[in-house]
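A.B. asks: starting from these lines, generate the structure:
(chains A and B)
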Amino acid sequence: MKKLLGVLAKILLSILCVVVLAGLFLVGRWLVRREDPTAFIPDTYTAYLQVPSIRGIYDTWLNLEAVDLVLSRPDLAAYRRVVADVRGLALTKSPLLRTLLDVHADVILLKDGKLLMVLDLGWRGIASPLARIVGPVLNVRGFSFLNDSGTPLYRYTTGGTTIHAAFAENVAILSLDASVVKEALERRATGTGLAMRASRDLLDRIRLRRSDAVRILVDTASLSTRLLAGSSTGDRVLGAVKIPGQSMLDVTLSDTSLRLGAQLPLDVAMPELGKTLATAPAPLGVLRFVPDSAYLLTASSLAPLRGLYQLAADFQGKDVQDIFTRADAGARSVLGMGIDQLLFSWVGAELGAFMLPTSADPVFFARISSQESFQRALTALAGSAVAGKDSSLVIDGSRIDRLTIPWYVGLVLDVLGVNVPEPYFVTRGDYLFASLDATNLSAVLKAADTGSNIAAGNLYASLSRGIPSDPTFMVWYDITRTEPFFIKGAGIFADILRLYTSGIAAVRATPTELQVSLSAARVVGGGARLAAGFPLAPEKGVGQDLLAFRFADSRAARLSWVKAKSLLVLADAGGTPIAQAQLDPDTRLVPEQNADGALAALWAVSPSGTIWRFGPALIPQAPFPVASGIVSTMPPIVIGGSLALFSRNDAAIVLIGADGARRLLAQHLDAPLLAAPDVVGARMAFYPKSFDAHVHLTDLDGTEEPGWPVAASGISFCSPRIVATGDSVDVFFLTQAGVLHGWDATGMPLPAFPLNLPGVYYANPEILSAGGRPVLAILAQDGTLSLVGMDGSILRQVRAPDVDGKTARIFIGDVNHDGGNEILLYGSGAFIAGYDAALRPLPGYPLKGVTRPQLVDLDQDGTPELVTAGIDGKIYAYAMTRMQQ
Amino acid sequence: MKRRGPALIACAGAAVVLLLLASCASVPVTTVGNPPEQAGATLDAFTSRLLDLEITPDRARLFALRTELDRAAAHTGAGRHDQAALESLRAEAAFQAGDQAAARRLVESAAALSQEVEGVWVVRAALEPDPARSLALVEKGIAIADGTARLLCVRGEALLKAGRYAEAAQDLDEGLRSLDERYRALYGPDRERAFALARVARDTSGGSPVQQPLSPDSVLTYRAMVEQALAQTRLLAALSPSANPTFAGILPALSSAGLLRDSSVAPDTPARRKDVAYFLWGLVARSEHDPTLLTRYRRKYTVSPVPDVSVDAPWFDAVLGTVEKEIIDLPDGMSFKPDDPVTGLAYQEMLAKLTALYR
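C.D. replies: This next block holds a predicted model:
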């Protein structure tokens, strides 16, 4: 026995030794055979990103709106689905996966639109040689191993996405395309990757990874050429400086903030510019005078006015020089002093302008470098063409003087884009402020006196962290009021910046380096914004209704509409058709939803009564299609899993079951239904359209409730509405002439009803919850939206501008995810109006769109988007966010 | 703000250009030769006056405005953008005055100063006689100009003329929402017409395409009532052996079928709401092959539920029937207003509803 135990111990010891030796071998191999990730990367690409951690990206970046925006580019459409699939994987819930995914990665979008990801596994690469052994025997769902001519390749499939991978020591190569992985390995083997072809300088910058920010390799050369080339000034600027062809841009991104930073080596070829840049700028001092309400501020500390004008002349040439000569001659002939004394002697290096929300006129400012020269110039100007006391104003106790700018000064200022022929002006500290609007200057004085200035605000303080306090040039902006020049126009960069409403951009330049910083935040963030990639313009447009939903067996959102009157289209969330089915012209679509809102089936009903019932991928469900012969007068709806139509022949509501069986409800009605019944719980209310105006309340078999039907006072376009609160059931009915009836479950009128509302009514009243109580939202033809309580009180009213209540309809839903009800008015004009339960307009509205809004999570980020079709046939989706600061 | 915004941005641009990377804004080179002796009227005021004159033409006031604009242009000390805006206003005024040569010259002068002024493209498009080229100019303007609301309205009008009603409605609605209320006098009727025609186009299926737009306030005549029904529906097809019958050709058949309330009436007599109801209800009865519909309501009611239509009026059944079927509406929810005229557009909407019921 002892002998046996000894043998076993020896065997175990041997195994342990083997394992330890194998481990040591692997570690040794890992230490010796390190691969450079850039060796696998091609030297030409469309975009190159360095990410500090795949896990970090998965946790924080993948759900960003900015990512959706980037993926909305047509050439990246394929990746939008991939991201949607990956979002649903919940990879980082596993501690092991979290650790394994905490690796650096280089993500490269190749010229042919394919994606390559190169991961530096770090210490995890010790085990990579084992992948060749473990791969073939690993039994994981979706995972497969392929030995491709001696090259081991690994494949993992999830949803509609397949990821291909290979390992080379400490490097993992991933792509959605096996050929891309093989090409990357080939590049390493043949020495044709970026590591061998890029300049040492660029490689150094690429390898200087950051642990807290994504880095993007920006093609600085083509960017600056695109911005500047084409104009004579731009060409001169391009000739005057040399910047690196490619630069690394550090990006820190969340849905609420964005920070960009780059340091570029600079080579200034123009001596005058080099000399100017050699003077270090002073910290901006004007901020303490700029009111905190300013929404745009531009400030330059590049050079005093004299130097700035000289540079402008150097860049723009003779025109600017000629203007100066004429202005100088004019000034000398009138005042006996030249422009140099009149302006350049006292205007310092800090110059700029800002805008206040209360005025359309900007405030220009300049630092006074010499008070003595300034007073001399002011006296001279006032002596020639003054506006003295007569044109001064006293606002809030401060005297604000006005000055007529003589034409010769105006010429010089005009070169700099300053056009203030008769400005008011004030001085505070060492600054001169001028504006055509005196109230602006009053605000400046108030800011100076009270300390309510821009720099003291929390937002500015938070955004300015990391921004140099002594920039050569700076812009503070609020996109909700105006876009700064660098955001104007289209382009992915501009679109991403537009997601963040307020920001500071700064440039600090020296003769050898250019430091660019941008810090932005989403401040007003609440409201609706067009979702990334939208609007979609499907071929031949969306004719009538657009549905957005997910099938019960899937997480993926789907869109559906009828194209060219008779072709049913099922498309993915990006609008790419998945399936089509031929219908009769003008067929209506009816979704059949489960309790959780997912689609159980999609019904379609033609005007002549042919009925289809489709499952996922538009597969017809037996026994459909069925030619029912029912020409329904009312819009079809689904009641308890059956399609409900009104048959004139039977004078009854007909239910068509999922098995095709027919059942008649509420037989022998005296008039047809033109509006669909309202079904709540086990009760159904409806109104056969007639001047007799009988309103019915039945159970779901069509048996009339005791006390019903009841007579209303006139003809109506509406269906009765059932309001169930606790055990009580009330029914409300609105006539076209504005008589609002209310009855209890026994058909007795409710106290305070009927209620006479002024106006004419076409839209069905809808029920929402306001303050925990049910309330009726009622829309009049003139656009007046009213909230009426169950006690007959009119709680609130608002006039919705440009809403035609004859065609508009009411939609109630939690569109901004705040847990409450919002009211949307759609179907009138080309826009959807939005109000909260207090009838305050929702931020971001009105939205382009005309069909009934659909709420569905298109991008699978956990929050539904609002989807609608425009009158132009395009599909619009809007991301909805709550107000946040 | 829009006028001063560029100045602010240009100021920033002047500095930025010198900082090499960040800006493509160029320092404006002034073309001004005279000093700005007086501030003069603002561009906004000129724009407002020109708009008033477009809404209510007045040759004398237009002449006076053109003189003032010329004077302001001679004394301008404005930057390039404002000069362009002023030139485009002069061009627009010249166009309003019918002086196309001057309008052409001035608008090109404005364009040479700045292509970003919306008015430049508005006038260029107005001067272009070829609709396709005019539309292309508007499209280009929308891509370039710093304001697009008016251009959207101009494009909407062009699309309306081209029969692209839904797109027209979209543009006119979007444009008008951003413009001064007074622009509704210029573009509002077209917006309503575009929406109505888009609705008709959507509701009409399988029949003839929607007719070229009738003027929204044009009064429907007996002739138009019949001809539109012939063109837009198939409900009268059985009454004439001809594939394309004329009003005169089908009149005897209409009379014998009892579809016209007064068959002796002159063709260009305005059709009242009661006449239209009578005609359409007759079509409904024919379509349903049920002549009892023509007396259905008078057999049922002794007191009319519509106060201004008595039970013994010949159009009583027609009124109640067409209202119940939502072909015609009660304007105030109670009364029918039988003697009111019908606009061509309203009639098209009625026909579209009828067509949807009886395809």
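A.B. asks: okay, residue 6: pLDDT?
C.D. replies: You didn't say which chain, so I picked chain A. For residue A:6, the pLDDT comes out at 86.
A.B. asks: let's do chain B instead
C.D. replies: 40.
A.B. asks: the one 10 residues further on now?
C.D. replies: In this prediction, residue B:16 carries a pLDDT score of 37.
A.B. asks: burial count for the residue of the stretch 51-200 of chain B found nearest chain A?
C.D. replies: Here the stretch 51-200 of chain B gets closest to chain A at one residue, residue B:173, 4.0 Å apart by Cβ to the nearest Cβ. The way it works is simple: take the backbone N, C-alpha and C, and place the C-beta from them, glycine included. Neighbourhood size, residue B:173 [other Cβ atoms under 10 Å in any protein chain shown]: 26.
A.B. asks: could you pull up the residues touching the closest residue to residue A:735 other than its chain neighbours?
C.D. replies: The shortest distance from residue A:735 to any non-neighbouring residue, by Cβ to Cβ, 6 or more residues apart in numbering or on different chains, is to residue A:714 (4.0 Å). By Cβ atoms under 8 Å, 6 or more residues apart in numbering or on different chains, the contact list for residue A:714 reads A:691, A:693, A:735, A:736, A:737, A:739, B:305, B:333, B:334.
A.B. asks: sec struct for residue A:714, please.
C.D. replies: At residue A:714 the chain is in coil, as set by DSSP: H, G, I helix; E, B strand; the rest coil.
A.B. asks: and the residue nearest to residue A:64 when sequence neighbours are not counted, how far is that from residue A:59?
C.D. replies: Leaving aside its chain neighbours, residue A:64 sits nearest to residue A:255 (5.6 Å; criterion: Cβ to Cβ, 6+ apart). Distance of residue A:255 to residue A:59, computed by Cβ to Cβ, to the nearest Å: 13 Å.
A.B. asks: what of residue B:130?
C.D. replies: Distance from residue B:130 to residue A:59, by Cβ to Cβ: 58 Å.
A.B. asks: so residue A:255 and residue A:59 - more neighbours on which side?
C.D. replies: Set side by side, residue A:255 and residue A:59 show more neighbours around residue A:255, with 18 against 14, by other Cβ under 10 Å.
A.B. asks: state the pLDDT value of residue 87.
C.D. replies: Using chain A here. At residue A:87, pLDDT is 66.
A.B. asks: you answered for a different chain; I wanted chain B.
C.D. replies: At residue B:87, the model reports a pLDDT of 91.
A.B. asks: quick one: contacts for it?
C.D. replies: Residues in contact with residue B:87 (Cβ under 8 Å, 6+ apart) are B:73, B:106, B:107, B:109, B:110, B:113.
A.B. asks: now for the nearest residue to it once chain neighbours are set aside: which residues touch it?
C.D. replies: The shortest distance from residue B:87 to any residue other than its chain neighbours is 3.5 Å, reached at residue B:110 (Cβ to Cβ, 6+ apart). Residue B:110 sits next to B:83, B:84, B:85, B:86, B:87, B:88, B:90, B:91, B:117, B:119, B:120, B:123 when contact means Cβ under 8 Å, 6+ apart.
A.B. asks: state the mean pLDDT of the regular element (helix or strand) spanning residue B:110.
C.D. replies: Element membership for residue B:110, per DSSP states H and E: helix B:100-113. The predicted model assigns helix B:100-113 a mean pLDDT of 92.
A.B. asks: care to break the chain down by domain?
C.D. replies: All of this is about chain A. A:22-216, A:223-524, A:684-760 (automatic domain parsing).
A.B. asks: my question was about chain B
C.D. replies: Split into domains by automatic domain parsing, chain B comes to B:40-147, B:157-203, B:222-357.
A.B. asks: deepest in the core, which of those is it.
C.D. replies: Mean neighbour count (mean count of other Cβ atoms under 10 Å in any protein chain shown) peaks for domain B:157-203 among these, with a mean of 21.
A.B. asks: so how far is it off the chain centroid?
C.D. replies: Centroid separation between domain B:157-203 and its chain, computed with Cα atoms, centre = their mean, to the nearest Å, is 5 Å.
A.B. asks: with stretch B:112-132 instead?
C.D. replies: 20 Å.
A.B. asks: quick one: residue B:155 and residue B:168, what's the gap?
C.D. replies: From residue B:155 across to residue B:168, the span is 8 Å (Cβ to Cβ).
A.B. asks: please apply the same query to residue A:71.
C.D. replies: In this structure, residue A:71 and residue B:168 are 33 Å apart, going by Cβ to Cβ.
A.B. asks: residue A:70 now?
C.D. replies: 34 Å.
A.B. asks: quick revisit: the residue nearest to residue A:64 contacts residue A:520, correct?
C.D. replies: No. With contacts counted by Cβ atoms under 8 Å, residue A:255 stays clear of residue A:520, the gap being 11.9 Å.
A.B. asks: report the set of residues contacting both of those two.
C.D. replies: Contacts common to residue A:255 and residue A:520, judged by Cβ under 8 Å, 6+ apart, are absent.
A.B. asks: next, format the domains of chain B as CSV and append distance to residue A:832.
C.D. replies: Compiled in CSV, those are given as follows (distance: least, Cβ to Cβ, whole Å):
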stretch, distance to residue A:832
domain B:40-147, 23
domain B:157-203, 12
domain B:222-357, 22
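A.B. asks: got the phi/psi numbers for residue B:333?
C.D. replies: Dihedral pair for residue B:333: phi 90, psi -10, per degrees, to the nearest 10.
A.B. asks: around chain B, which positions in the stretch 551-700 of chain A sit nearby?
C.D. replies: Within the stretch 551-700 of chain A, the positions near chain B by Cβ under 8 Å from any Cβ of the partner chain are A:565, A:585, A:586, A:607, A:608, A:671, A:674, A:689, A:690, A:691.
A.B. asks: where's the dip in pLDDT among those residues?
C.D. replies: Across these, no position has a lower pLDDT than residue A:565, which has 83.
A.B. asks: near chain A, which residues of the stretch 201-350 of chain B?
C.D. replies: The stretch 201-350 of chain B has residues B:202, B:205-206, B:301, B:305-306, B:320, B:323-326, B:330-334 near chain A, with proximity defined as Cβ under 8 Å from any Cβ.
A.B. asks: which parts of the stretch 201-350 of chain B are helices?
C.D. replies: With helices called from DSSP state H, counting those that start in this stretch, the stretch 201-350 of chain B shows them at B:222-232, B:247-256, B:273-287, B:296-300, B:316-324, B:344-357.
A.B. asks: want to try a markdown table for those helices, with mean pLDDT as columns?
C.D. replies: Below are the helices of the stretch 201-350 of chain B laid out as a markdown table (pLDDT from 0 to 100):
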| stretch | mean pLDDT |
| --- | --- |
| helix B:222-232 | 90 |
| helix B:247-256 | 88 |
| helix B:273-287 | 95 |
| helix B:296-300 | 94 |
| helix B:316-324 | 97 |
| helix B:344-357 | 89 |
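A.B. asks: residue A:590 should be in a strand, yeah?
C.D. replies: Yes. Assigned with three-state DSSP, residue A:590 falls within a strand.
A.B. asks: from residue B:323, how far off is whichever residue of the stretch 551-700 of chain A sits closest to chain B?
C.D. replies: Minimum separation of the stretch 551-700 of chain A from chain B (Cβ to the nearest Cβ) falls at residue A:691, amounting to 4.0 Å. Applying Cβ to Cβ, the value for residue A:691 to residue B:323 is 8 Å.
A.B. asks: overlap in contacts, the two.
C.D. replies: Shared contacts of residue A:691 and residue B:323, defined by Cβ under 8 Å, 6+ apart, comprise A:715, B:306.
A.B. asks: coming back round to it: report the two of the residues of the stretch 551-700 of chain A next to chain B separated the most.
C.D. replies: Spanning the widest gap among these are A:565 and A:691, at 34.2 Å by Cβ to Cβ.
A.B. asks: returning to that earlier point: residue contacts, the closest residue to the residue of the stretch 551-700 of chain A closest to chain B other than its chain neighbours?
C.D. replies: Excluding the flanking residues, the one nearest residue A:691 by Cβ to Cβ, 6+ apart is residue B:305, at 4.0 Å. Residues near residue B:305 by Cβ under 8 Å, 6+ apart: A:691, A:714, A:715, B:320.
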